[in-house]
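> need a 3D model of the sequence below.
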Amino acid sequence: MSLYNITGADCDKVSESILLTIKKLLKPRHNTVSKREWQFMFADVYKVCSAKSGKEIPTLRKHITELLLDHINELYDIVTNSPRMELLRSYKTAFAEFYQALIYIDTGCAEINKRNKCQNRRIQYTLEEEEREPTMLEVGMEHWMTRIYETTKRALFEELCQVIKKDRDGEVSDVATAKEVIESYIKQVVKLEVSDCARFAVYKRDFEGPFLEQTREYYQREASIFVQSTTCSEYLERIESRLKEEVRRAQRVLHSVSEGVTYDVVQEVLVMDHADMIEAEFKNVFLPEVVVPSLQHCYSLIRGGRRQTLLAITQEHIIAKGVQKLSALDTTDTSALPGEYVNCVSQLYLQYKQLIGDAFANDVDFVAMLDAACRIIVNSHPRNLKAIHASELLAKYCDSLLKKSSKLGGDGEIDGILSVLVNIFRYVDDKDVFQKNYSKLLAKRLIHNTSLSEEAEELMISKLKQCCGYEYTSKLQQMFTDMRLSSALNSKFGQTEVGGVAVGNGFKVLVLQSGAWPLGMGATSPLQLPPAQEQCLRHFEVFYESQHSGRKLNWLHHLSTAELMFRGAKQKYEFTVTAPQMAVLLLYNLADTDASASDTLSSDTPSTATAGSAPVSLVVGNIAAKTGLSKKEIDRTLRSLVLAKVLKVSGCGASLCSSGDIACSTRLVLNCDYSNKKRRVKLTGAIQRETPQDAKKLQEAVLDDRKHFLLAAIVRVMKSRKVLQYNCLIDSTIHLANARFKPSIVSIKRCIEELIDKQFLQRSVDNKQELHYVA
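Next up is the predicted model:
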């Protein structure tokens, strides 16, 4: 027998063998197909497909189709005659066996499917519009859907919904069987040409759509019962539990494509339809104290656009709480206020940061909301802090931390506190005000040698640099460079000799760049130093000119200090004084009285006072003439010495007026009865204390710097863009300035008009809103 030329009788015999094997495959519980029979089936199909006549394939397809129809009719009787409660199990079993049998049959008839494809290609090549012959799997499932599925789909759906309802009600149900029946909705669509969307069309039409409607109705009834029988907090717990159950149920029963939409429907019915009630509960949770579990429930339930309402409620609460705490601060104790302010803001931030982690799982939207709320709080001006900037308080607190008097421990503690400080600093809008205050206080620490350590200072500057960039801290870093250079310069000057005598002993000078140090804010006053000190200054000027040519030194006497030994009292005292105070006190060494002259003060060599000698006194007019100090400066200096009880007004019970200038005829006496528990007394505190005029000058300097910054920013933008619309220039300038301060549009417009007047910019002739850069 040839494989390519079999006779009709042989073909019938081969076909009968194929059909017999297929019958056994369709009834696996009653028959088994051996490996040998399976192999012979492949060979027999190939024989039929290889026959030269070509008529055997349609005949074989017809016989197989009839066999499948007969079997489907048998399955139909079994499924439809089964009890209603057994319908799902019966349908599942019938479908599983039939589907598996079709897979085997389709595999065994692969040669028939292959010949159909080849034939289809020839049809396409000849441009004949004919559909290809379906595979045996497609034939079987098409008849299954027509005969069994279409007649039982309504009953199947009802039984599936009943199983899921029992599971929702906590009753025992056969969800495993329901899962397989639901999967059969998709498996029965087996056409090769259909897309993924078409494969799920039957499932979505006959099951998913009606199921979602029934789910909606079920939970609407349940939600109405929950609302009437429970409190809002209990309702939140119940529906959160229900949502979690529904997620697990969808994973166990439904197809994966339905998990998300089912959750959305349940969430819409249980949550979004009652969102107003939940939001009201969310707002009440903050009063009088935060209840984290309730916040967790609200956060996990509310989704989408309604979550913005939760963000707004939380932000409003944080801002109200922050402003309330700041308003409760005691502003009478100005020295403790900066520390209390920083502690208040940091505790508020840490409290709500932990709340966002516990209740909202560190959601990025809530973290951003906390930053926005803290920025509003820090830049708010409660009634008690209306005249005080947050940047000023932060600078003063930082100053207290970095002074030698600070009680901080090791580097780890310093780093932690500075990190908290910089974290608050990030929220400050007026960062330029902080820079001015911080640089002024840093200058005092460096000049008067009261800094805790250079490492701590540089640590703070590095944190500011990370936050605001190099330009923000460039002047601060230059201040440390000047201190190092001054130290090296003093070492060289100390080795200088004039006439064989060292001129630098006990005399130190700080050479500071005027552009980096905020020293021009205080008005300087001329001062006539005593001859010995004046001679030291002249020697240093000669030395400095030999080291650096083309530089000019401007002496800032109001920032200079000296050490004086006072021997006019019963005990010796060492005074730390400013240069003007030194000049005044050393005059008493040369003063003559009717009784005798006494050297009681010295900055170089100690001298003694004769016991029982008359008190040394000087007239204010003579003091002013010999020191060369201005009226304002002499008044400040003398008042500080009288307040320290080193000098006193001559006359029994006489005293200085609390206000107004000191009369030139007032006689001041050196207090030989001076006493103090300390042997080293600092007299510079009163004269170096900040005055309201200093704060006013600082504010004026900030406004002046802002104006120059805006002018430079406008020129920078226009230089790069050449031509720009007026409003776009304003927006670009605001963007550049936001890193340092919040500029007003009015100030930007004034700067633009000033640049137009100075012919840096000009308006377009055709369009007045268009600006041109003039090179």
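> wait, residue 485 sits on residue 512?
No. Shown here, residue 485 and residue 512 do not form a contact pair, counting by C-beta atoms under 8 Å, at 9.5 Å. (Glycine included, C-beta is placed from N, CA and C.)
> neighbour count for these two, which is higher?
Higher neighbour count among residue 485 and residue 512: residue 512, with 21 against 14, using other C-beta atoms under 10 Å.
> report pLDDT for that one.
Residue 512 carries a pLDDT score of 90 in this model.
> phi first, then psi, for it.
With angles defined as degrees, to the nearest 10, residue 512 sits at phi -120, psi 140.
> tell me where this protein has strands.
497-498, 501-502, 561-566, 573-578, 601-602, 617-619, 647-649, 667-670, 680-682, 723-725, 761-763, 770-773 (DSSP state E).
> which stretch among those strands comes nearest residue 213?
The closest of the strands of the chain to residue 213 is strand 723-725. By C-beta to C-beta, the value is 55.2 Å.
> pairing partners for the closest one, with directions?
Here strand 723-725 is paired, per DSSP bridges, with strand 770-773 (antiparallel).
> got the buried residues for the longest helix seen in the chain?
Selection of the longest helix in the chain by residue count, based on DSSP state H, yields helix 692-721. The neighbour-count check on helix 692-721 (16 or more other C-beta atoms under 10 Å) flags 698, 701-702, 705-706, 709-711, 713-714, 717-718 as buried.
> would TSV of the residues you listed with pLDDT be doable?
Converted to TSV, the buried residues of helix 692-721 look like this (pLDDT from 0 to 100):
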residue	pLDDT
698	81
701	86
702	88
705	90
706	91
709	92
710	93
711	94
713	93
714	94
717	93
718	92
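> re the thing from before, between the strands of the chain, which one is nearest to residue 228?
Among the strands of the chain, strand 723-725 comes nearest to residue 228, with 60.8 Å by C-beta to C-beta.
> how far away is residue 258 from residue 207?
Distance of residue 258 to residue 207, computed by C-beta to C-beta, to the nearest Å: 8 Å.
> before we move on, the earlier item: which one of the buried residues of helix 692-721 is nearest residue 742?
Nearest to residue 742 among these is residue 706, at 10.2 Å by C-beta to C-beta.
> ok, the closest one touching residue 433?
No. Between residue 706 and residue 433 there is no contact under C-beta under 8 Å: 9.6 Å.
> so what sits against both of these two?
Shared contacts of residue 706 and residue 433, defined by C-beta atoms under 8 Å, 6 or more residues apart in numbering, are found at residue 741.
> enumerate every residue touching the residue nearest to residue 583 when sequence neighbours are not counted.
In space, and not counting its chain neighbours, residue 583 is closest to residue 627: 4.6 Å by C-beta to C-beta, 6 or more residues apart in numbering. If a contact means C-beta under 8 Å, 6+ apart, then residue 627 has 527-528, 580, 583-584, 587, 634 as its contacts.
> out of those residues, list just those in helices.
Judged by DSSP H, helices contain the following of the contacts of residue 627: 580, 583-584, 587, 634.
> ok, and the most crowded of the residues you listed?
Ranking the ones in helices among the contacts of residue 627 using other C-beta under 10 Å puts residue 584 first, with 27 neighbours.
> hang on, that residue packs against residue 624?
No. Using C-beta under 8 Å, residue 584 is not in contact with residue 624, being 9.5 Å away.
> and stretch 357-368, how far apart are its ends?
Stretch 357-368 has its terminal residues 13 Å apart, counting by C-alpha to C-alpha, to the nearest Å.
> show me where the stretch 201-350 of the chain has its helices.
Counting by DSSP state H, counting those that start in this stretch, one finds helices in the stretch 201-350 of the chain at the ranges 201-203, 209-229, 232-253, 259-270, 275-285, 292-301, 307-327, 337-360.
> got it, and the stretch 351-500 of the chain?
Using DSSP H, counting those that start in this stretch, helices in the stretch 351-500 of the chain cover 364-378, 390-401, 411-425, 431-447, 454-468, 470-494.
> ok, back up a step: between residue 258 and residue 207, who's got more neighbours?
Applying other C-beta under 10 Å to residue 258 and residue 207 shows that residue 207 carries more neighbours, namely 23 against 20.
> so which residue is smack in the middle of the protein?
residue 368 (5.7 Å; C-alpha atoms, centre = their mean).
> so what's it scoring on pLDDT?
For residue 368, the model assigns a pLDDT of 93.
> from residue 346, how far off is the residue nearest to residue 337 when sequence neighbours are not counted?
Closest residue to residue 337 apart from its sequence neighbours, by C-beta to C-beta, 6+ apart: residue 331 at 5.9 Å. Separation of residue 331 from residue 346 (C-beta to C-beta): 19 Å.
> look up how far residue 244 lies from residue 222.
On the measure of C-beta to C-beta, residue 222 and residue 244 end up 15 Å apart.
> between those two, which is the more surrounded one?
Higher neighbour count among residue 222 and residue 244: residue 222, with 18 against 11, using other C-beta under 10 Å.
> now do the contacts for that one.
With contact set as C-beta under 8 Å, 6+ apart, residue 222 has these partners: 242, 270.
> what about it, distance to residue 297?
To residue 297, residue 222 is 17 Å away according to C-beta to C-beta.
> ditto for residue 443
According to C-beta to C-beta, residue 443 stands 55 Å off from residue 297.
> okay, the two: which has more neighbours?
residue 297 (25 against 19).
> surely that one and residue 238 touch.
No. Using C-beta under 8 Å, residue 297 is not in contact with residue 238; the gap is 9.8 Å.
> looking at the contacts of residue 627, which one is closest to residue 161?
residue 580 (96.6 Å).
> what score does the closest residue to that closest one other than its chain neighbours have for pLDDT?
In this structure, residue 580 finds its nearest non-sequential neighbour in residue 637, 4.5 Å apart by C-beta to C-beta, 6+ apart. Residue 637 is assigned 88 on the pLDDT scale.
> one more: residue 596?
pLDDT, residue 596: 38.
> do you know how far the residue nearest to the centre of the chain is from residue 423?
Taking C-beta to C-beta as the measure, residue 368 falls 15 Å from residue 423.
> hang on, the earlier thing: so which of the contacts of residue 627 is the closest to residue 149?
Using C-beta to C-beta, the contacts of residue 627 come closest to residue 149 at residue 580, 106.3 Å.
> go ahead and confirm the closest one touches residue 638.
No. Proximity of residue 580 to residue 638 does not meet the contact threshold set by C-beta under 8 Å, at 9.4 Å.
> ok, the closest residue to residue 742 other than its chain neighbours to residue 737 distance?
In this structure, residue 742 finds its nearest non-sequential neighbour in residue 429, 4.7 Å apart by C-beta to C-beta, 6+ apart. To residue 737, residue 429 is 10 Å away according to C-beta to C-beta.
> and residue 438, by the same measure?
Taking C-beta to C-beta, one finds residue 438 at 19 Å from residue 737.
> kindly report the same for residue 112.
For residue 112 relative to residue 737 (C-beta to C-beta), the value is 80 Å.
> between those two, which has more neighbouring residues?
Applying other C-beta under 10 Å to residue 112 and residue 737 shows that residue 112 carries more neighbours, namely 21 against 18.
> would you mind measuring from the more buried one to residue 17?
Distance from residue 112 to residue 17, by C-beta to C-beta: 15 Å.
> ok, residue 421 next?
91 Å.
> go on, residue 219?
Taking C-beta to C-beta, one finds residue 219 at 58 Å from residue 17.
> follow-up on the earlier one: ok, residue 421 and residue 17, which is more surrounded?
Taking other C-beta under 10 Å, residue 421 and residue 17 do not tie; residue 421 has more neighbours (20 against 17).
> next one, pLDDT for the more buried one please.
With respect to pLDDT, residue 421 scores 91.
> likewise for residue 612?
So residue 612 comes in at 43 (pLDDT).
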